[in-house]
Structure formats: C-alpha cells, structure tokens
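Q: The sequence isn't on hand, but the structure is:
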Ligand SMILES: CC(C)(COP(=O)(O)OP(=O)(O)OC[C@H]1O[C@@H](n2cnc3c(N)ncnc32)[C@H](O[C@H]2O[C@H](COP(=O)(O)OP(=O)(O)OP(=O)(O)O)[C@@H](O)[C@H]2O)[C@@H]1O)[C@@H](O)C(=O)NCCC(=O)NCCS
Ligand SMILES: Nc1ncnc2[nH]cnc12
C-alpha cells in the first residue's frame, strides 16, 4: 500500500476519526430504515447485508485520520489530496466487499467532512455545524461546474454524471458544494429534537433518517426508480412525520409500513443514509470534550 506523507497522524486526528467511524457504524445499525441495510434487514439489497457494511467500514477505518491530516497539512486543493487517499480507500473497500458498492458515496462525504475538520483545527475554528459546513463548501468549491457541467461523455459515466445529464440532479456534489444544507437545515434539528424528546439513539437516528428522506435529492433512489421514487419517498416520509415519526405509536407503525413499501418498490435511499451518518458525526464533534 502506498504510504502517504499524511500517514503519521496526531491524537486529535485519531479522536475525530473515531467519531466518524462510530457514525458510520451507527448509521448501518439503525432500524427501522426503509429500503436500507440494517442488522435485521437487507432492505432492497440482495448483494449486501449488515456484515458487508461492517467489513466495508473496517476496511476504510485506517484512512479516516489521514483525511483529517490532509485538512490540517494541505495548503491548497484539499479535495485533490482527499480524492487521492479516497481512491485507495475505495479500492480497499471494494476488495473487501468483493466489488459490492456499500459506502462509495459515504467514503467521499465523510472524507470531505474529515478534511473540513482538519481545516478547522488548522484555523483554530470551533467544531460546529456552521464552520464545518463552510469548510465543506470551500473544499468542494465549483465541484458541480467542474464535474457535472463538463462531463467527458467518451468515458464510462458514474450514476451521478448520467443522472445529471438526464435529470439535472446534482446529488452528493450539490450537497457538499452548498455546505450540506440537508444536514444543517433538516437532519441535525431533527436529531436534536428526537434526543431532547427522550428517544434512544437508535430511534432518534431512525426519526432523523425519515426527516432526511422527506427532502433529499437521492441519486440512488433516482437510479433505481426514476423521479417517481423520490416523490414516493418524500410523500411517505412526510406522512410519517405528520403522524409523529418515531415519537408516536402511529408514526412508528407507519415507518414499519414504509419498510415493506420501499422493498416492494425497490426504493433504497443510500444517499439519505450517508447524510444521516454525516449529521451524527457533526453532532458528536459539537459535543466532544476538548
Ligand atoms: C464523488 C462521488 C461520490 C461521485 O459519485 P457519482 O458521480 O455516482 O455521484 P452521485 O450519484 O451524486 O453520488 C454517489 C453516491 O453518493 C450517495 N448520494 C446520492 N445522492 C446523495 C445526496 N443527495 N447527498 C448525499 N449523498 C448522496 C450515494 O451513495 C450511497 O448509496 C450507495 C449504496 O446504495 P446502492 O443503492 O447500493 O447504490 P449502487 O450500488 O450504486 O446501486 P445498485 O447497484 O445497488 O443498484 C453507496 O455508495 C452509498 O454511499 C450515491 O451512490 C465519488 O464516488 C466519485 O466521483 N468517485 C470517483 C473516484 C473518487 O473520487 N473516489 C474517492 C472518493 S473520496
Ligand atoms: N444502511 C444502508 N443500506 C443501504 N445502502 C446504504 N448506503 C449507506 N448506508 C446504507
């Protein structure tokens, strides 16, 4: 494995990486999670289960502190260095999962967030959602223009590139370039509301996942079910939240019903799952002892 000049990392990088790892494991451990993999369900997936995600997460754990070190040490083009390390992580992940794409998008999202945390350390900025959001946006400045408005159609297109050409959806690139608006405006307020209400962490994460599903432009859903999948996901999620989501008996029953519908309709909101992990990661950083 190519060693990087980021391979030696500081204790703070190790500590932040531990929080990122925790959030990745919490995300896939959350249930109910309509359409998604959890300890008790394969969701819409016949090629992966909970243990696929455990080995996938373990395979990229080593790289997490490196992303933070990149934010601390890199003076320019942080994204380029994140992607160099991320590509190695992605190769290792796909080797461990025997080619199944479990967390390719999450690797990019968490890589950028860890890089943003590193920049906050370098600039002595507090670990809060606003600084992390701003640094994500700076790291990913012009990623939509550079990667979706100038697509090289001679090469094999990624799902995101193809879906941009077809529907003008910007997916994860739009999210990071805008500073994670779904995380800042929807997911974190929902998570804090659910925890303050007294839900345990599993139910609070499930409640937050439903709130993300009510508004996210998830390309994994569009890839499988075209835009109709997004409309179905948003309408059912809004109905669940109107019933109280995981804070009420009726809401819980409706979320369970959603699990059946999502499997039947092949709706798997992998992007929403990633944003849930990102929200929990930021929540941990904001509440981390110095
Ligand atoms: C920057 C890339 C992530 C770009 O990839 P792509 O061009 O494909 O762009 P998107 O489609 O926009 O996003 C890719 C993944 O990001 C997740 N995602 C989708 N929408 C959003 C959103 N609005 N906000 C946040 N995240 C979003 C999603 O990833 C998750 O779902 C995948 C698992 O679900 P599944 O249904 O199994 O997906 P598939 O396997 O594709 O379908 P099936 O075959 O099963 O039917 C999993 O990836 C989750 O993380 C989107 O899939 C980056 O990948 C890229 O450009 N890579 C090139 C190399 C590189 O730079 N690597 C280093 C990265 S640090
Ligand atoms: N729990 C999950 N199930 C399916 N796809 C995912 N992508 C990220 N997390 C996922």
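A: Cool, the structure landed. Remember, predicted model here, so these are calculated numbers, not experimental data. Numbers count the residues shown, from 1 in each chain. Ligands and ions are numbered 1, 2, ... in the order given.
Q: so residue 251 makes contact with residue 238?
A: No. Taking Cβ atoms under 8 Å as the definition, residue 251 is not a contact partner of residue 238, at 11.6 Å. Backbone N, C-alpha and C define where each C-beta goes, glycine included.
Q: Could you check the biggest helix by length in the chain against ligand 2 for contacts?
A: In the chain, assigned by DSSP state H, the helix with the most residues is helix 219-242. No. For a cut-off given as Cβ under 6 Å from any ligand atom, helix 219-242 has no contacts with ligand 2; the smallest distance is 7.1 Å.
Q: Around ligand 2, which positions in the stretch 1-150 of the chain sit nearby?
A: Residues of the stretch 1-150 of the chain found near ligand 2 (Cβ under 6 Å from any ligand atom) are 27, 28, 33, 36, 37, 43, 103, 106.
Q: for those residues, which one is nearest residue 75?
A: Proximity of these to residue 75 was ranked by Cβ to Cβ; the top entry is residue 106 with 27.0 Å.
Q: ok, the closest one to residue 151 distance?
A: 23 Å (Cβ to Cβ, to the nearest Å).
Q: The two: who's more crowded?
A: Ranked by neighbour count (other Cβ atoms under 10 Å), residue 106 and residue 151 place residue 106 first, with 28 against 15.
Q: next SSE after the one helix or strand that one maps to?
A: Here residue 106 is covered by helix 104-122, with elements defined by DSSP states H and E. In the C-terminal direction, the helix or strand that comes right after helix 104-122 (DSSP H and E) is helix 129-139.
Q: so where's the stretch 151-290 of the chain shaky on pLDDT?
A: 290 (pLDDT under 70).
Q: How about the residues of the stretch 151-290 of the chain by ligand 2?
A: Taking Cβ under 6 Å from any ligand atom as the test, the list of the stretch 151-290 of the chain residues beside ligand 2 reads 268, 270, 273, 274.
Q: Throw the residues you listed into TSV and include neighbour count, thanks.
A: As requested, these are arranged in TSV below (neighbours: other Cβ atoms under 10 Å):
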residue	neighbour count
268	26
270	25
273	30
274	27
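Q: tell me the two of those residues that are most distant?
A: Taking Cβ to Cβ, the two most distant members of those are 268 and 274; they sit 12.0 Å apart.
Q: ok, the residues of the stretch 151-290 of the chain next to ligand 2 vs residue 175, which is closest?
A: When these are compared for distance to residue 175 (Cβ to Cβ), residue 274 wins out at 9.1 Å.
Q: show me what contacts the closest one?
A: Residue 274 sits next to 27, 103, 105, 106, 109, 172 when contact means Cβ atoms under 8 Å, 6 or more residues apart in numbering.
Q: What distance do you get for the nearest residue to the fourth one once chain neighbours are set aside to residue 27?
A: If I follow you right, that is residue 106. Excluding its sequence neighbours, the residue lying closest to residue 106 (Cβ to Cβ, 6 or more residues apart in numbering) is residue 274, at 4.3 Å. The gap separating residue 274 from residue 27 is 8 Å, by Cβ to Cβ.
Q: shared neighbours, the two?
A: Here residue 274 and residue 27 share the contacting residues residue 106, scored by Cβ under 8 Å, 6+ apart.
Q: picking up where we left off before, narrow the residues of the stretch 151-290 of the chain next to ligand 2 to those in strands?
A: Cross-referencing these with the strands (criterion: DSSP state E) gives no overlap at all.
Q: Now tabulate the residues you listed in TSV and tack on distance to ligand 1.
A: Formatted as TSV, those follow (distance: Cβ to the nearest ligand atom, whole Å):
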residue	distance to ligand 1
268	4
270	2
273	7
274	4
